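*Asks:* Pasting a predicted model and its sequence here:
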Number of protein chains: 2
Amino acid sequence: MESVGTIPRTVTLLDVAQEAGVSRSTASRVLSGATSISADARDRVEAAAARLGYRPNRAAQSLRTRRTRLVGLVLNNLVNASFHAIAEVLQQRLDDRGYQVILCVTGADEDREARYLEMLAEHQVDGVVVIGTGRNVALLERIVDEGIPVLSLIRCAPEAPGEAVLADDSDGAYLATEHLLDAGHRRIGYIGGPLEANSGRERFHGYAAALTSAGLQVVDDLVVRGPFLESFGEKALAALLDRDDAPTALYVANHEAAFGVLPELRERGVSVPDDVSLICHEDVSWFRYWQPAITVIDNGATELAELAANRVLAAIERGPGGTQSGRAMRVGARLVQRASVARPRA
Amino acid sequence: MESVGTIPRTVTLLDVAQEAGVSRSTASRVLSGATSISADARDRVEAAAARLGYRPNRAAQSLRTRRTRLVGLVLNNLVNASFHAIAEVLQQRLDDRGYQVILCVTGADEDREARYLEMLAEHQVDGVVVIGTGRNVALLERIVDEGIPVLSLIRCAPEAPGEAVLADDSDGAYLATEHLLDAGHRRIGYIGGPLEANSGRERFHGYAAALTSAGLQVVDDLVVRGPFLESFGEKALAALLDRDDAPTALYVANHEAAFGVLPELRERGVSVPDDVSLICHEDVSWFRYWQPAITVIDNGATELAELAANRVLAAIERGPGGTQSGRAMRVGARLVQRASVARPRA
DNA sequence: GCCTCTCTTGGAATCGATCCCATGAGACTT
DNA sequence: AAGTCTCATGGGATCGATTCCAAGAGAGGC
């Protein structure tokens, strides 16, 4: 049945009402499940709606009710790390509660982030979850002032408005370092992001704290910090291993660096964990396939996404002005023991 | 500055008009870039809009213009394979043209897919891109009949309405098999999905075609088909290698199976490519880190997403009834040579 | 000086829902 | 039998934009 040229006439609530022989008001009440409806009217309207294949127009609903049941998700990318896990879980949890996700990939560009935030506000989203660059605080504040709750996920600028759901980076780093200490290591190398980055700073602090608790001091020569790049991981590894007193264990604090470290270790013929033990922060699907399977700190992407969904929905349901600023919640890290850590050689 | 309790009053076009001392009509014309506006009015309206921080209400615009600039993306998951690459690229390309993406993850569940499609129609999306289950053809047809273009990506049910953008699976399989043949292999094992699956069928055909062109016949014992599961890959590998006349090369037709095959090869101490050569269909980020780096068939996720974006936008801009049914476009496969293929032992 | 034509502008209808308010029909009280 | 109360319903305003239509202001032709 070809339907070339037919103008698709959409079925409106008025059509349903007429078909059912009632007014728009009554039809609306039936379909939005309100009270005070006679059984007769209910049946007739429901039958009419089904018969006509009625589908409410959300744009019209939104205009009237000021709720779109749309939530913006702003993040760096979907390729790396836990971001796509977060996007998937967040979408599921929000959908369970009747909300849909508008996906915005910023590529860590603050201008693009700003454009997306403006656009989301134009679309009248009910809330925003942002894994942000941290460089649009003023804009975020404006958005919150307009009554749209904002939830910062994973990263959070100091003065950002709204709640935050964060990974417990320093705890994770502490766990990792402690695990290496427990295995008997005393010279533990650190490869991680710059101190300017939130996660870089916190993970370094966790590392340092674990050493201190064990009565050790941070040895500057064993600490290498640099950009979140594969190539940096490679160079950092070389710098650490080419020393006379090379570390017996490594804590690699982000997966970008790990992607450089792992192939380079193999390249150099360094045996893990016989020659050197290794823990990476952030689990990546294939770390368990690696030879040896990599012991990691799992920062709980799924839990982060679930908590973020719950918190942003709570803020939405609190109604306009429902944003509570300042509170941060942290999802604890978890040590996943696999096969890349052993006792140091005697 | 605490703003607890302030009712956020949104700035409307009327506010801008009053501030600028013109009518709503004129303000609207200025902001939607229409013609026939005096320079004076233009300046005043633009200044007023900027001063008040005016932001158009898209719900209201959509209601009036019947365009939301929203596109639905319906897919299986974001975790596996090329799906998150597709989601990311598609989002970018659509955003470049002023469209946003509503993300819907179905988990390959046809009921959830149906719910999402209904929901997208309610949201009045301008178009839908679906990596589908293939089991909601009737619903897709209804949606197309209502004037919403649908584009099937990667998978396409036989009678699905709208255009399709597909990977050239049989070409890719042909390329893979041919590459192994060129290296001198004659006994080439096939591990892939069931014939009922589209990709399973096409990839097997490509494999068979390459053998035939080389004057060889398909040896049933060298072909193992089964579900898209890691565990299947493992079992299939065992079945092939435990034979007397084991193959000298393997074509693994999907990444799920590959995830079983690769660790199992290592487990068994089979050396790649010395003992057996290997090509996997679908590139996965870490295949290049594997030891040896895995030669793959890249099905072109980026190109698929770009083409899909272009086609769905073209259909949208063609206007209501702009859906052209039946045309499929295929993105060619590409052989990425790495280190897992060598000549067979003499 | 009058008529026509173009350019710019404002008024009002419209998109498709929701929801306040008023009204009518019954049920029940006294 | 009259009055009160509740329940169900319909009318109409409203959300915030776009856009058709009519009208006013000048410019220019004759």
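*Replies:* Arrived safely, thanks for sending. Numbers count the residues shown, from 1 in each chain, chains lettered A, B, ... in the order given.
*Asks:* A:Arg69: what's it in contact with?
*Replies:* A:58, A:62, A:98-100, A:126 (C-beta atoms under 8 Å, 6 or more residues apart in numbering or on different chains). Placement of C-beta: from N, CA and C, glycine included.
*Asks:* most surrounded residue in those residues?
*Replies:* With neighbours taken as other C-beta atoms under 10 Å in any protein chain shown, the top of the contacts of A:Arg69 is A:Arg58, carrying 26 neighbours.
*Asks:* you'd agree that residue is up against B:His123?
*Replies:* Yes. In this structure, A:Arg58 is within contact of B:His123 by C-beta atoms under 8 Å, at 4.8 Å.
*Asks:* Filter the contacts of A:Arg69 down to the ones in helices?
*Replies:* Under the assignment DSSP state H, the contacts of A:Arg69 contribute A:58, A:62 to helices.
*Asks:* and of the contacts of A:Arg69, the nearest to chain B?
*Replies:* A:Ser62 (3.9 Å; C-beta to the nearest C-beta).
*Asks:* measure the closest residue to that closest one other than its chain neighbours to B:Leu70 for me?
*Replies:* Among residues not flanking A:Ser62 along the chain, B:Ala59 sits closest, at 3.9 Å (C-beta to C-beta, 6 or more residues apart in numbering or on different chains). Distance of B:Ala59 to B:Leu70, computed by C-beta to C-beta, to the nearest Å: 11 Å.
*Asks:* Near chain B, which residues of the stretch 201-346 of chain A are found?
*Replies:* Within the stretch 201-346 of chain A, the positions lying close to chain B (C-beta under 8 Å from any C-beta of the partner chain) are A:259, A:262-263, A:266, A:284-286, A:289, A:291, A:320-321.
*Asks:* Tell me which of these has the lowest pLDDT.
*Replies:* Within the set of those, pLDDT is lowest for A:Gly321 (67).
*Asks:* residues contacting whichever residue of the stretch 201-346 of chain A sits closest to chain B?
*Replies:* As assessed by C-beta to the nearest C-beta, chain B sits closest to A:Trp286 within the stretch 201-346 of chain A, at 4.0 Å. A:Trp286 sits next to B:284-286, B:289 when contact means C-beta under 8 Å, 6+ apart.
*Asks:* So what's the residue count around the residue of the stretch 201-346 of chain A found nearest DNA strand D?
*Replies:* Closest approach between the stretch 201-346 of chain A and DNA strand D, counting by C-beta to the nearest atom of the strand: A:Pro320, at 12.3 Å. Residues near A:Pro320, counting by other C-beta under 10 Å, number 14.
*Asks:* before we move on, what about the one 10 residues further on?
*Replies:* A:Arg330 has 16 neighbours, counted by other C-beta under 10 Å.
*Asks:* picking that back up, kindly supply the PyMOL command isolating those of the residues of the stretch 201-346 of chain A next to chain B that are buried.
*Replies:* Buried residues within these, by 16 or more other C-beta atoms under 10 Å in any protein chain shown, are selected in PyMOL with:
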select buried, chain A and resi 259+262+263+284+286+321
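*Asks:* between the residues of the stretch 201-346 of chain A next to chain B, which is nearest B:Asp145?
*Replies:* A:Pro320 (39.0 Å; C-beta to C-beta).
*Asks:* what about the closest residue to the closest one other than its chain neighbours, which SS state?
*Replies:* Once flanking residues are discounted, A:Pro320 sits nearest to A:Gly147: 4.1 Å by C-beta to C-beta, 6+ apart. A:Gly147 falls in the coil class when you classify it by DSSP: H, G, I helix; E, B strand; the rest coil.
*Asks:* thought A:Gly147 was touching A:Ile316?
*Replies:* No. In this structure, A:Gly147 is not within contact of A:Ile316 by C-beta under 8 Å, at 10.1 Å.
*Asks:* burial count for A:Arg334?
*Replies:* 16.
*Asks:* Quick check: it touching A:Ile297?
*Replies:* Yes. Using C-beta under 8 Å, A:Arg334 is in contact with A:Ile297, at 7.2 Å.
*Asks:* shared neighbours of those two, anything?
*Replies:* Contacts common to A:Arg334 and A:Ile297, judged by C-beta under 8 Å, 6+ apart, are A:Leu175.
*Asks:* Pull out the buried positions in whichever strand or helix holds A:Glu118.
*Replies:* A:Glu118 belongs to helix A:110-122 when elements are defined using DSSP states H and E. For helix A:110-122, burial by neighbour count (16+ other C-beta under 10 Å) applies to A:112-114, A:116-117, A:119-122.
*Asks:* Go back to those and keep what's next to chain B.
*Replies:* Answer for those near chain B (C-beta under 8 Å from any C-beta): A:119, A:121-122.
*Asks:* In terms of secondary structure, what does the helix or strand hosting A:Arg203 contact?
*Replies:* Element membership of A:Arg203 [criterion: DSSP H and E] is helix A:198-213. Counting contacts by 3 or more C-beta pairs under 8 Å, 6 or more residues apart in numbering or on different chains; DSSP states H and E, helix A:198-213 packs against helix A:169-182, strand A:188-192, strand A:223-225.
*Asks:* I'd like the average pLDDT over the shortest one.
*Replies:* In this model, strand A:223-225 has an average pLDDT of 98.
*Asks:* swap in the first one?
*Replies:* If you average the pLDDT over helix A:169-182, you get 98.
*Asks:* Show me what counts as buried in it.
*Replies:* Neighbour-count burial for helix A:169-182 flags A:169-181 (criterion: 16+ other C-beta under 10 Å).
*Asks:* Could you dump these into JSON lines with distance to DNA strand C added?
*Replies:* Output for the buried residues of helix A:169-182, formatted as JSON lines (distance: C-beta to the nearest atom of the strand, whole Å):
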{"residue": "A:Asp169", "distance to DNA strand C": "43"}
{"residue": "A:Ser170", "distance to DNA strand C": "46"}
{"residue": "A:Asp171", "distance to DNA strand C": "45"}
{"residue": "A:Gly172", "distance to DNA strand C": "45"}
{"residue": "A:Ala173", "distance to DNA strand C": "49"}
{"residue": "A:Tyr174", "distance to DNA strand C": "50"}
{"residue": "A:Leu175", "distance to DNA strand C": "49"}
{"residue": "A:Ala176", "distance to DNA strand C": "51"}
{"residue": "A:Thr177", "distance to DNA strand C": "55"}
{"residue": "A:Glu178", "distance to DNA strand C": "54"}
{"residue": "A:His179", "distance to DNA strand C": "55"}
{"residue": "A:Leu180", "distance to DNA strand C": "58"}
{"residue": "A:Leu181", "distance to DNA strand C": "59"}
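*Asks:* Tell me the one among the residues you listed nearest to DNA strand D.
*Replies:* So of the buried residues of helix A:169-182, ranked by how close each gets to DNA strand D (C-beta to the nearest atom of the strand), first place is A:Asp169, at 41.4 Å.
*Asks:* wait, that closest one sits on A:Ala197?
*Replies:* No. The pair A:Asp169 / A:Ala197 is not scored as a contact, 10.1 Å apart, by C-beta under 8 Å.
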